[in-house]
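Coordinates only, no sequence provided:
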């Protein structure tokens, strides 16, 4: 496991980008492939989420936008987040009400996150077997899965060492 530039642990370092600019570029390419438009506002929001260093809350994002732009209308920022979420470029961690960039922006997928209760860092587990197992179990019960984000709380290795 290697550490990302933006604070997440990386369980699959060979298949995604680690810096915010490179991440935004990868998302631009994915948007082009899907026939979507990454507007300047969407790109700015995405870049801030990717560069945050850990999951970022919406109000912190709004503060950063205000600092960079002089002002930002919350509805437009939330619309940008909605687009990014819908396309799978960012994930919302409901249990801590924060957003994090997705390690693999080209592929929409479901992943579990390990969230540290102390430092709030998140580790995106890049093991498709977990999502597959959940989907198989759900189908066996007649449940049609639309989306899944599994959030597991505890203490990261750094915080346990302290």
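Good, I have the coordinates. Predicted model only: the values in this text are computed from it and were never measured.

Surely residue 34 is in contact with residue 87?
Yes. Contact status for residue 34 versus residue 87: in contact at 7.4 Å, counting by CB atoms under 8 Å. Where you see a C-beta, it was placed from the backbone N, CA and C, and this is true even at glycine.

Where do the helices of the protein begin and end?
20-34, 40-51, 58-69, 74-86, 128-140, 157-161 (DSSP state H).

picking that back up, more crowded one of residue 34 and residue 87?
residue 87 (18 against 11; other CB atoms under 10 Å).

Just want to check the distance between the more buried one and residue 122.
19 Å (CB to CB, to the nearest Å).

what's the answer for residue 63, then?
20 Å.

Between these two, tell me which one has more neighbours.
residue 122 (22 against 12).

List the residues that contact that one.
Contact partners of residue 122, counting by CB atoms under 8 Å, 6 or more residues apart in numbering, are 8, 54-55, 93, 100, 113-116.

Specify the beta-bridge partners of it.
Beta-bridge pairing of residue 122 under DSSP bridges involves residue 115.

Relative to residue 40, how far out is it?
If you go by CB to CB, the gap between residue 122 and residue 40 works out to 27 Å.

for residue 78, same thing?
In terms of CB to CB, residue 78 sits 16 Å off from residue 40.

What of residue 51?
Residue 51 is 16 Å from residue 40, by CB to CB.

So between these two, which is more surrounded?
Counted by other CB under 10 Å, residue 51 and residue 40 do not tie: residue 51 has more neighbours, with 18 against 8.

can I assume that one is in contact with residue 22?
No. Residue 51 lies out of contact with residue 22 (CB under 8 Å); the separation is 11.0 Å.

Name the spans of this protein whose pLDDT lies under the cut-off.
For the chain, the stretches with pLDDT under 70 are 1-18, 71, 105-110.

redo that, cut-off 80
1-18, 53, 68-73, 103-111, 126-128, 146-148 (pLDDT under 80).

Quick check: closest non-adjacent residue to residue 76.
residue 41 (6.1 Å; CB to CB, 6 or more residues apart in numbering).

I'd like to know how far residue 140 sits from residue 20.
Taking CB to CB, one finds residue 140 at 41 Å from residue 20.

now do residue 153
Applying CB to CB to residue 153 and residue 20 gives a distance of 26 Å.
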